[in-house]
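> coords below, sequence missing:
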């Protein structure tokens, strides 16, 4: 290889590296580590789950304060949603799902732990609520699975937790509803990360919740009605189903 070819190859390499570095740094934190993580998540979503995203035009350019609500189909749901969104989402996550050895990872992601009997289910986890509302007041984005558990059977809905309406109202936030389906059917939340799928995200238009008048309970019910109407799926209360089956 003569010197001119070497120079040309070096220039091409420099351009490629500059482009890759710019893409990596172009992330909500302007942090290389976070950018690399997002790139890995995006590649994983495309290759392992063949992720199809509909309604990307509904993604707000300046999101916060925003509550992203998603129906809950499997443990991989937050990974796929974050892969589709250009802004950082701080997720509310059940504390008993957070492996203690991964605490540094949860902290790095900004995950907000929630007790099963707390805001994700009944609206009583005051510390999680305060942290989430504080983040919203700072124009952040919070991600919530309002059903408080994974849908079983598939293509059904669980009742939404009343705490979701409280979070939206006190956080003075818009709501971005996302419908997810086609994720892996796994007995464990973690198991879904290791299975392939053809998953679909449907991003609905953001909703401006009235700041006055509507109660948290009404906001919650309106959001559940929206999901039921958009999907056509029935709402099944697991507690009522257990009671009717005698278990």
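Yep, that arrived. All values derive from a computational prediction rather than experimental measurement.
> Which stretches in the chain count as helices?
For the chain, the helices defined by DSSP state H occupy 3-25, 32-49, 77-84, 103-109, 126-137, 162-171, 216-231, 238-245.
> Format the ones you listed as JSON lines; extra columns: mean neighbour count and mean pLDDT.
Where C-beta positions appear, they are placed from N, C-alpha and C, glycine not excepted. Listed next are those as JSON lines, based on neighbours: other Cβ atoms under 10 Å; pLDDT from 0 to 100:
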{"stretch": "helix 3-25", "mean neighbour count": "11", "mean pLDDT": "51"}
{"stretch": "helix 32-49", "mean neighbour count": "15", "mean pLDDT": "92"}
{"stretch": "helix 77-84", "mean neighbour count": "22", "mean pLDDT": "97"}
{"stretch": "helix 103-109", "mean neighbour count": "12", "mean pLDDT": "93"}
{"stretch": "helix 126-137", "mean neighbour count": "18", "mean pLDDT": "92"}
{"stretch": "helix 162-171", "mean neighbour count": "23", "mean pLDDT": "91"}
{"stretch": "helix 216-231", "mean neighbour count": "16", "mean pLDDT": "95"}
{"stretch": "helix 238-245", "mean neighbour count": "10", "mean pLDDT": "59"}
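> Point out the one among these that comes closest to residue 63.
For those, proximity to residue 63 was assessed by Cβ to Cβ; helix 126-137 is nearest, at 10.7 Å.
> mind giving me the domain ranges of this protein?
9-48, 50-237 (automatic domain parsing).
> Can you list the buried residues in stretch 52-66?
53, 59, 63-66 (16 or more other Cβ atoms under 10 Å).
> Output the residues you listed in TSV, with pLDDT and distance to residue 163 appended to each entry.
Below are the buried residues of stretch 52-66 laid out as TSV (pLDDT from 0 to 100; distance: Cβ to Cβ, whole Å):
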residue	pLDDT	distance to residue 163
53	98	28
59	97	25
63	89	21
64	80	20
65	95	17
66	97	17
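> Quote the end-to-end distance of stretch 181-201.
The straight-line separation of the ends of stretch 181-201 (Cα to Cα, to the nearest Å) is 7 Å.
> Find the residue at the geometric middle of this structure.
Centroid-nearest residue in the chain, with Cα atoms, centre = their mean: residue 78, separated by 4.0 Å.
> which ones are touching the spatially closest residue to residue 79 that is not a sequence neighbour?
Leaving aside its sequence neighbours, residue 79 sits nearest to residue 41 (Cβ to Cβ, 6 or more residues apart in numbering; 6.0 Å). The contact partners of residue 41, taken as Cβ atoms under 8 Å, 6 or more residues apart in numbering, are 79, 82-83.
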